[in-house]
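Colleague: 3D model of this:
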Amino acid sequence: MAVAERVLVVTGGSRGIGAATARLAAERGYAVVVNYAGNVEAAETVCADIIRNGGEAVAVRGDVSDETDVEHIFAAADRLGTLVGLVNNAGIIG
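Modeller: Alright, predicted model coming up:
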């Protein structure tokens, strides 16, 4: 995997607004970290869509209320390239 010039982290990126944001960011040239809390299948689907369309994406599990998980999410972004943005979209569905 090449080092990306622009990496974007999208928390809650596996569904709804987060998934749409991740896909649009990839269309606009960002490598995307698709953060999810529990639905790995949804996150992997978003990543597969991005990759199929020529983009770069990785799904990363993590609870944004847990400091260790947040560090893990941002470490994944660092491995992709230069982090330039964060879409803090994570929420609770209940």
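Colleague: what helix or strand is the residue nearest the centre of the chain located in?
Modeller: Nearest to the mean C-alpha position of the chain, counting by CA atoms, centre = their mean, stands Val34 at 1.8 Å. Assigning secondary structure by DSSP states H and E places Val34 in strand 31-36.
Colleague: what does that strand contact?
Modeller: 4, 6-14, 18-19, 22, 25-26, 42-43, 46-47, 50, 55-62, 64, 73, 76-77, 80-81, 90 (CB atoms under 8 Å, 6 or more residues apart in numbering). To be clear about C-beta, it is placed using only N, CA and C from the backbone, and glycine gets the same treatment.
Colleague: could you list the buried residues of that strand?
Modeller: Ala31, Val32, Val33, Val34, Asn35, Tyr36 (16 or more other CB atoms under 10 Å).
Colleague: what about Thr45, how many neighbours?
Modeller: Thr45: 16 surrounding residues under other CB atoms under 10 Å.
Colleague: what do you get for Ile92?
Modeller: 7.
Colleague: okay, stretch 33-45 in CSV with CA atoms only?
Modeller: Output of stretch 33-45 as CSV, limited to C-alpha atoms (Å, rounded to 0.1, in the frame of the first residue of the first chain):
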residue,chain,number,x,y,z
VAL,A,33,-10.1,5.1,7.8
VAL,A,34,-13.6,3.7,8.2
ASN,A,35,-14.1,3.4,12.0
TYR,A,36,-16.8,1.1,13.4
ALA,A,37,-17.8,-0.1,16.8
GLY,A,38,-19.3,-3.5,16.1
ASN,A,39,-20.5,-4.1,12.6
VAL,A,40,-17.4,-5.3,10.8
GLU,A,41,-19.4,-6.5,7.8
ALA,A,42,-20.9,-3.0,7.1
ALA,A,43,-17.4,-1.4,7.5
GLU,A,44,-15.8,-3.9,5.2
THR,A,45,-18.6,-3.3,2.6
